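Peer 1: Sequence first, predicted coordinates after that:
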Amino acid sequence: MKCWKCGADLAPGAAFCNSCGAAQEQGAPYPGQTTPASGSAMVLTVFAAVCMAVCGGLAVRYLFGALSGIFQIGWAGVFGTIRIVGLNALAAVMLAAMAIVCALIAFKRNERTSDGLLVCLAVGGAGFLAVRLLSTIVSLVIYPGGFGHYFGGFILAVLGVAVAVAGVYAIERFVLGEFPLMGKTADDLKLDVQEALHSFQQTAGEVGAQASQAAQNAKAERAARSAAQQQAQYTQYNQYGNPQYQQPGPGGGPQYGQTPPPPQGYAPFRPKADRSLIAYILLTFITCGIYGWYFIYALARDVNAVCAGDGKSTAGLIKLILLSMITCGFYGIYWYYSLGNRLAENAPRYGLNFQENGTTVLLWYLVGLLACGIGPFVAMHIIIKNANALCGAYNYQHGI
């Protein structure tokens, strides 16, 4: 058994490391522990999130390159088309894997998965470089005159992978004060990778469960809305039509002289309190943006329910889209700013206090755009975190 932090040998079942004092149970304190400042942990989160955005964007680019290669067989030839389609597709897969690992490092990393995720990131980077090297060689065989272009592209790929892997390692070592990969054997690293893959499986399961829950919630909401409309029709008819008429009886005929029962399946509205940034990013990517629209619709609906009575209203999806188009996107930024302020202002109603408000969200959204576009993701993380807390308090207060 080895210490997860410094790699020193430990006795089986040891609770603390004799060398560095690190607790061997996740989240347990240890003597003399100095917890890294939240700003230090945020450095790794932001860096990994930037790498995730870059890798994800490049993966989409390579994927479109592979798809476009299908229509180039006329002038590229069969061999050239195979190179364009096959190698671009492989590069897209490797970059997508790196993006997923970076997302896990940014938002799901802990002492049990830290080394395994670092190894997975390095393996994904090595796989991407192998594909790029093969693509460079094949390209030079077909187009010998493009040496500078193709070789220069390969060098940029090497530098990019080096920055990602070395950056994560350096932040863990010199900013967070950990000892990544220190004293680990091949068997230890194999176990770490298995732990990281298990973490990915759990995350994927959570995403799938949330997608299924979202579909069930949408179905239940449609059923409840339909039942409410049906009940309203019954009430209206009873008031202004035949006061004796009720719902159809068992034989299909009308029942008289009885009060209609409430619609089947009708229940109090329960806002969702377990939204996830990773699920938002992955499902939006998988559904080509469709889930992102549903996410905004459901978020606005829940916030309006939780914050009802404050004299404000959060615009829904249709209004957000239309006004954003009219204002060239400025209303969308204002929407996030107003939502951040509304969540912070309503927190005391439920015994909560949020340090982040609309100004914090706005700064991350605008200034963070300079960091490879990662700022809006941090802003959305703040919105999701505060909305989850507020919805959870609302559900607890109302017993639902």
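Peer 2: Good, I have the coordinates.

Peer 1: right, and G153 touches L133 too?
Peer 2: No - G153 lies out of contact with L133 (Cβ atoms under 8 Å); the separation is 10.7 Å. C-beta coordinates here come from the backbone N, C-alpha and C atoms, glycine included.

Peer 1: Remind me which helix or strand the most centrally placed residue in the chain belongs to.
Peer 2: Centrality entry for the chain: nearest residue to the mean C-alpha point is I278, 1.6 Å, by Cα atoms, centre = their mean. Using DSSP states H and E, I278 sits in helix 277-286.

Peer 1: Quick check: next helix or strand after that helix?
Peer 2: Heading C-terminal from helix 277-286, the first helix or strand you meet, by DSSP H and E, is helix 290-306.

Peer 1: so who does V93 touch?
Peer 2: The contact partners of V93, by Cβ atoms under 8 Å, 6 or more residues apart in numbering, come to A59.

Peer 1: what separates it from G309, distance-wise?
Peer 2: Spatial separation of V93 from G309 under the definition Cβ to Cβ, to the nearest Å is 50 Å.

Peer 1: what about the stretch 151-300 of the chain, any weak spots by pLDDT?
Peer 2: The model of the stretch 151-300 of the chain has pLDDT under 70 over residues 204, 207-208, 210-212, 214-215, 218, 221-269, 288-289.

Peer 1: can you pull out the strands in it?
Peer 2: Per DSSP state E, counting those that start in this stretch, the stretch 151-300 of the chain carries strands over the ranges 245-248, 254-256.

Peer 1: Run a quick neighbour tally on I326.
Peer 2: 10 (other Cβ atoms under 10 Å).

Peer 1: Next: V119.
Peer 2: Residues near V119, counting by other Cβ under 10 Å, number 20.

Peer 1: and it, what helix or strand is that in?
Peer 2: According to DSSP H and E, V119 maps onto helix 114-142.

Peer 1: which other helices and strands contact that helix?
Peer 2: With contacts defined as 3 or more Cβ pairs under 8 Å, 6 or more residues apart in numbering; DSSP states H and E, helix 114-142 has these neighbours: helix 88-107, helix 147-170, helix 186-240.

Peer 1: Please parse the protein into its domains.
Peer 2: Domain segmentation of the chain under automatic domain parsing yields 41-206, 273-400.

Peer 1: to the chain's geometric centre, what's the distance from the first one?
Peer 2: The one in question is domain 41-206. Put simply, domain 41-206 sits 18 Å off its chain's centre (Cα atoms, centre = their mean, to the nearest Å).

Peer 1: Span of it from start to end?
Peer 2: The straight-line separation of the ends of domain 41-206 (Cα to Cα, to the nearest Å) is 24 Å.
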